[in-house]
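Enquirer: Have a look; sequence and predicted model below, questions after that.
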Amino acid sequence: MTETEVDVVQQLEAAVAEGPAALQRFVAATEFPHVRGRSVTFLFCGEAQEVTLHHWIHGLPGSLPFRRIHHTDCWVLQIDLPPKSRMEYKLGVAMFGRGTLIRDPLNRHTARDPFGANSVVYGEGYAPPDWTVEDPEARKGTIEDRHVDSPVFGDWRPIRVYRPARFRESRRYPLLVVHDGFDYLSFANLQTVLDNLIHRLELPPLVAILTQSPDRMHEYAADPRHADFLVKDLVPQMERLLPLVPQPSARALLGASFGAVASLSTAWRHPGYFGKLLLQSGSFVFTEIGDHDRGPVFDPVVKFVNEFRRAPGRPSESVFVSCGVYESLIYYNRSLVPLLQETGMQVRFREANDGHNWENWRDRLREGLSWLFPGPLWLVYE
Amino acid sequence: MLSSAILLGPQRHVPIVREAVAALVARDDRRPLAAVTAGWEERESEDQELREHVQRPVVNLEVWGRVERIFERDRDLLLAMRERHDRLRAVQELYRLRLGGLIEPMRELMRRAGDEALLAPEREDAMAMVKVLDEQHQRRVAAIHAEFEDRHRPGERAAVQRERRDLQRWLASSSCLLVAGGHVSVLLHRLRLFDLFGLYGDRPVIAWSAGAMVLTERIVLFHDDPPQGSAHAEVMEAGFGLVRGLVALPHARHRLQTGDAERVQLMAQRFAPAVCALLDKGARLDWRAGRWQPAPGTRQLTTAGGTAEVGT
């Protein structure tokens, strides 16, 4: 523990000793969580019998206990957080034997996901990238709600179509098909990211089809019907509807978690159809021996990944893989990379000091998308 | 070389073309302004904002569209230009490879502290090697163009000549030539195909962003923070050389890290004695009788590693 790190706790203890007014002044004047170097200090002030930090960092105990300062209602916890990290968390506050998970009342930073929102602490040197926030100078693309008929599934599926700013029917655009696309819009600012990267010429103008499965835990789990749906239903209908470049090199699949499994599984079942893959924190669980311990929903995933590892073929031309080092999936993603390289595909792998969450996936989009679809940055000066 | 021209920064948010036109064209001159928006490629005809802004008649020369029409009629020329494009890309990549090997040590030498008596000559020689490489590249690109001209004689092809005659007519009846930005390579090569400045002659030109780049002697591509690949500025090729002594750097505020003294110093020294002019919005440089007259606030990179108003 460095001198500075000791200091903030010592100052806190001194303020507590001085009384409530001094403590109030100190807390108002100090940002919590307090980040210095690799050390983060969390503070909770309130009635509780026990306070714990709940996070999703693989390798650390899932629940870290706070220490009560003297006999007050102030609770403190210091942990190590490497530079440029993001950590999402909640506080567990126990009273009369009942625990509640809450967001950190002293932390203004939150990260949303389909289940609600978590508090988030930024390690030293991390700031949300400027290309993830709305740029008033960037021309805006449009989002249109549509649906696509699916003979494969025997129903129809809602989709959203992103058209870039200054879209023209007379031009032909590359296609990005996004798994969990509605969630990417809501939790990873996908529209803003695309608008900004296209405005900055880091991406060429492209069309994105945002899909959202009604049953992702089954359909994205390497379900062959899903692969057929994309190749036989979705893309042909989109190519009739929109001015798209009808070539594999201009088609990409994007997905995170099970969405990454769905992307790889689709490319594997229809090799060469999608020229580019962007796989984020893929749930690529496999077994070398025996059974897996991730529950029955992973059964088809493990079956697929095991088969893929035996006979990967050459699913695509280029693949960008990213994963957070705080995810349990990092092992599986790291294991996948050399296998992908052996297929002859162009492979780029990026690790981040982050977990299995939407802002991690958002923050990797610039590098992944601009590598798969390089924009005319160097040649266009408008 | 032109007698009078005005170079401007990007015109999307704070257009000042109208003021520039007023400086070069008499108020009662009723002849239209000729506009080149070929750098916008397939959006070439979307010039309504420009027309509304200048408040004078504008004839869009449709340079991009004319070349597309030529390609439809002259398939051989299309294939030849594609082949040249591939060769230019290949030679640029080879240059980039060598450039990285020179720039990184150069930067390391600039960072090093120690015995200046030892370091200074090393820095000087390292910079000289970068300059030599830039010149070699520019010559190689010029050789590719010369070979293309010799083999394919684009100016003598019927489809090109037909469009040239039409362009000449429009240019003759215009009061001033406006050259907008966009894709600098597309703009340069399509203007060159028609020898448009040869047709136009020594008359006033107003150009911005990529349009300004193509008027200069040397086109430099740059971005200090690209999402992929090297961030070393690259010479693309020679421009038309109609104005002298200046490297045009449009959108510098977004593309250059002007607070990074080492980067600034390297770029300014590398292209010296040419002035590295920052063509941000509002910037304006008037070229009159072989001299630059900058508008207040128009800045340049300095060899000391900072920025200063042009000419100070």
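Expert: Here it is on my side, so go on.
Enquirer: so where is the chain shaky, pLDDT-wise?
Expert: No chain was given, so I picked chain A. Along chain A, the model assigns pLDDT under 70 to residues A:1-6.
Enquirer: Correction: the question concerned chain B.
Expert: Within chain B, the stretches with pLDDT under 70 are B:312.
Enquirer: What parts of the stretch 1-150 of chain A come near chain B?
Expert: A:Glu137 (Cβ under 8 Å from any Cβ of the partner chain). Where C-beta positions appear, they are placed from N, C-alpha and C, glycine not excepted.
Enquirer: interface residues of the stretch 1-150 of chain B facing chain A?
Expert: Within the stretch 1-150 of chain B, the positions adjacent to chain A are B:10, B:12-13, B:39-40, B:42-43 by Cβ under 8 Å from any Cβ.
Enquirer: Go again with 6 Å.
Expert: Counting by Cβ under 6 Å from any Cβ of the partner chain, the stretch 1-150 of chain B comes close to chain A at B:Glu42.
Enquirer: Residue of the stretch 1-150 of chain B closest to chain A, please.
Expert: Residue nearest to chain A within the stretch 1-150 of chain B: B:Glu42 (5.7 Å; Cβ to the nearest Cβ).
Enquirer: how deep is that residue tucked in, by neighbour count?
Expert: 13 (other Cβ atoms under 10 Å in any protein chain shown).
Enquirer: just the one 4 residues further on next, same as before
Expert: Using other Cβ under 10 Å, B:Glu46 has 13 neighbouring residues.
Enquirer: Do a quick rundown of the strands in the stretch 51-200 of chain A.
Expert: Counting by DSSP state E, counting those that start in this stretch, residue ranges of the strands within the stretch 51-200 of chain A are A:63-65, A:67-68, A:74-80, A:86-95, A:98-102, A:110-113, A:116-122, A:142-150, A:155-163, A:175-178.
Enquirer: Mean neighbour count added to those strands, as JSON lines?
Expert: Formatted as JSON lines, the strands of the stretch 51-200 of chain A follow (neighbours: other Cβ atoms under 10 Å in any protein chain shown):
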{"stretch": "strand A:63-65", "mean neighbour count": "14"}
{"stretch": "strand A:67-68", "mean neighbour count": "14"}
{"stretch": "strand A:74-80", "mean neighbour count": "19"}
{"stretch": "strand A:86-95", "mean neighbour count": "21"}
{"stretch": "strand A:98-102", "mean neighbour count": "12"}
{"stretch": "strand A:110-113", "mean neighbour count": "16"}
{"stretch": "strand A:116-122", "mean neighbour count": "19"}
{"stretch": "strand A:142-150", "mean neighbour count": "13"}
{"stretch": "strand A:155-163", "mean neighbour count": "17"}
{"stretch": "strand A:175-178", "mean neighbour count": "25"}
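Enquirer: Which stretch among those strands approaches A:Arg362 most closely?
Expert: Closest approach to A:Arg362 among those (Cβ to Cβ): strand A:110-113, 9.5 Å.
Enquirer: contacts for that closest one?
Expert: Applying Cβ atoms under 6 Å, 6 or more residues apart in numbering or on different chains, the contact partners of strand A:110-113 are A:88, A:117-120, A:187, A:358-359.
Enquirer: got it, and stretch A:66-73?
Expert: A:13, A:16, A:45-47, A:51, A:75-77.
Enquirer: Out of these, flag the one nearest to chain B.
Expert: The closest of those to chain B turns out to be A:Leu77 (Cβ to the nearest Cβ; 36.7 Å).
Enquirer: right, and the closest one touches A:Phe42 too?
Expert: Yes: using Cβ atoms under 6 Å, A:Leu77 is in contact with A:Phe42, at 4.6 Å.
Enquirer: ranges for the strands of chain B?
Expert: Applying DSSP state E to chain B gives strands spanning B:4-8, B:33-36, B:58-60, B:176-179, B:182-183, B:205-208, B:218-221, B:234-238, B:246-250, B:275-279, B:284-288, B:291-294, B:299-301, B:307-309.
Enquirer: Format the ones you listed as TSV; extra columns: mean neighbour count and distance to B:Glu122.
Expert: TSV is the format used below for the strands of chain B (neighbours: other Cβ atoms under 10 Å in any protein chain shown; distance: least, Cβ to Cβ, whole Å):
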stretch	mean neighbour count	distance to B:Glu122
strand B:4-8	26	36
strand B:33-36	26	45
strand B:58-60	19	52
strand B:176-179	27	42
strand B:182-183	23	39
strand B:205-208	28	39
strand B:218-221	21	25
strand B:234-238	20	23
strand B:246-250	28	25
strand B:275-279	25	23
strand B:284-288	20	35
strand B:291-294	16	33
strand B:299-301	25	23
strand B:307-309	14	27
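Enquirer: can you redo the ones you listed as TSV with distance to B:Glu104?
Expert: TSV is the format used below for the strands of chain B (distance: least, Cβ to Cβ, whole Å):
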stretch	distance to B:Glu104
strand B:4-8	32
strand B:33-36	38
strand B:58-60	45
strand B:176-179	36
strand B:182-183	29
strand B:205-208	33
strand B:218-221	18
strand B:234-238	14
strand B:246-250	22
strand B:275-279	21
strand B:284-288	32
strand B:291-294	33
strand B:299-301	20
strand B:307-309	24
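Enquirer: Geometric centre of chain B: which residue is closest?
Expert: Among the residues of chain B, B:Met213 comes closest to the average C-alpha position under Cα atoms, centre = their mean, at 1.5 Å.
Enquirer: didn't it look like it was pressed against B:Val184?
Expert: Yes: B:Met213 is within contact range of B:Val184, at 5.3 Å (criterion: Cβ under 6 Å).
Enquirer: Show me how the chain divides into domains.
Expert: Defaulting to chain A. What the record gives for chain A is the domain set A:3-122, A:130-372, from automatic domain parsing.
Enquirer: Sorry, I should have been clearer: chain B.
Expert: With automatic domain parsing as the reference, chain B has domains B:4-72+B:153-309, B:80-152.
Enquirer: right, so those domains: which one is the most enclosed?
Expert: The highest mean neighbour count among the domains of chain B, using mean count of other Cβ atoms under 10 Å in any protein chain shown, belongs to domain B:4-72+B:153-309: a mean of 19.
Enquirer: of all of the stretch 101-250 of chain A, which residue lies closest to chain B?
Expert: Taking Cβ to the nearest Cβ as the measure, the point where the stretch 101-250 of chain A comes nearest chain B is A:Glu202, at 5.0 Å.
Enquirer: how about that residue, what does it touch?
Expert: Counting by Cβ under 6 Å, 6+ apart, A:Glu202 makes contact with A:370, A:375, A:377, B:227.
Enquirer: can I get the residues you listed in JSON lines with secondary structure?
Expert: Below are these laid out as JSON lines (DSSP: H, G, I helix; E, B strand; the rest coil):
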{"residue": "A:Ser370", "secondary structure": "helix"}
{"residue": "A:Gly375", "secondary structure": "coil"}
{"residue": "A:Leu377", "secondary structure": "coil"}
{"residue": "B:Pro227", "secondary structure": "coil"}
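Enquirer: any chance of those in CSV, plus distance to A:Glu169?
Expert: Shown next, in CSV, are those (distance: Cβ to Cβ, whole Å):
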residue, distance to A:Glu169
A:Ser370, 26
A:Gly375, 21
A:Leu377, 26
B:Pro227, 29
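Enquirer: any idea which of those residues is the one closest to B:Ala22?
Expert: Of all the contacts of A:Glu202, A:Leu377 has the smallest distance to B:Ala22: 34.0 Å, by Cβ to Cβ.
Enquirer: In contact with that closest one, which residues?
Expert: Neighbour list for A:Leu377: A:201-202, B:223, B:226 [criterion: Cβ under 6 Å, 6+ apart].
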